[in-house]
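[1] Here is my input; please provide its structure:
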Amino acid sequence: SGDPPMASSSASDALRPSRIIVPGVGNWSPGGLYSSYSSEYPVELENLLSEQEFKHCMNRINTAIIFRWPCMPCYGFSTVCCPFTCGLSTLLVRCLCFSEAEQAAMETIQDINGNVTFKGSNVEFHLVFRMCTSWIEIRRVEQKVAKVVEYEPIGR
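    Numbers count the residues shown, from 1 in each chain. Purely as a prediction, here's the structure:
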């Protein structure tokens, strides 16, 4: 089925999905990027990330996209002219304009995931594209525990 895989390290963890989808809610671009993503707190994040931290992260991502979102003439040109140019207008505007907004979102997400104080939350943000749509995916990551190996002396 199309359900996200579940991670189960304890009984309470088994009830939480390993991936949480945050849908796009703003203007849609022909390449699938949205001008903003939902900042409604998913209940699946309880005990992983506080509502305040989640809203702060989503605000940073949305702000980065909005500051680099194409101007209205470019956006209008790409969508209105699409049928008459067999899609070339969307490709042109996507390469020239929307790619800046996408790059800004990716850099912001990379910065959030690399933040030292955020690393303790055991979640990572990802921007996922599929079939002319996109979403923010929050994935649970397992803590890496150093393996201690004990050796016994031989022949004593």
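[2] C-alpha only now, for contacts and for neighbours.
    Will do.
[3] what's the following helix or strand after the top helix by length along the chain?
    In terms of residue count, the longest helix belonging to the chain (DSSP state H) is helix 51-68. Reading on from helix 51-68 to the C-terminus, the next helix or strand found by DSSP states H and E is helix 72-80.
[4] helices or strands up against that next one?
    helix 88-93 (3 or more Cα pairs under 8 Å, 6 or more residues apart in numbering; DSSP states H and E).
[5] Going by neighbour count, which residues of the helix it packs on are buried?
    For helix 88-93, burial by neighbour count (16 or more other Cα atoms under 10 Å) applies to 89-91, 93.
[6] ok and whichever helix or strand comes after that helix relative to helix 51-68, angle-wise?
    Downstream of helix 88-93, the next assigned helix or strand under DSSP H and E is helix 99-114. Angle between the axes of helix 99-114 and helix 51-68 is 160 degrees (criterion: axes from the mean of the first three to the mean of the last three Cα atoms, to 10 degrees).
[7] Tabulate the buried residues of helix 88-93 (CSV), appending pLDDT.
    Formatted as CSV, the buried residues of helix 88-93 follow (pLDDT from 0 to 100):
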residue, pLDDT
Ser89, 76
Thr90, 73
Leu91, 73
Val93, 72
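[8] Now do Ser78 against Arg139, distance only.
    The span separating Ser78 from Arg139 equals 33 Å under the rule Cα to Cα, to the nearest Å.
[9] Kindly report the same for Ser121.
    Separation of Ser121 from Arg139 (Cα to Cα): 11 Å.
[10] same question, Cys97
    Cys97 sits at a distance of 29 Å from Arg139 (criterion: Cα to Cα).
[11] Ok, Ser39 next?
    Summarising the geometry, the distance separating Ser39 from Arg139, computed by Cα to Cα, is 16 Å.
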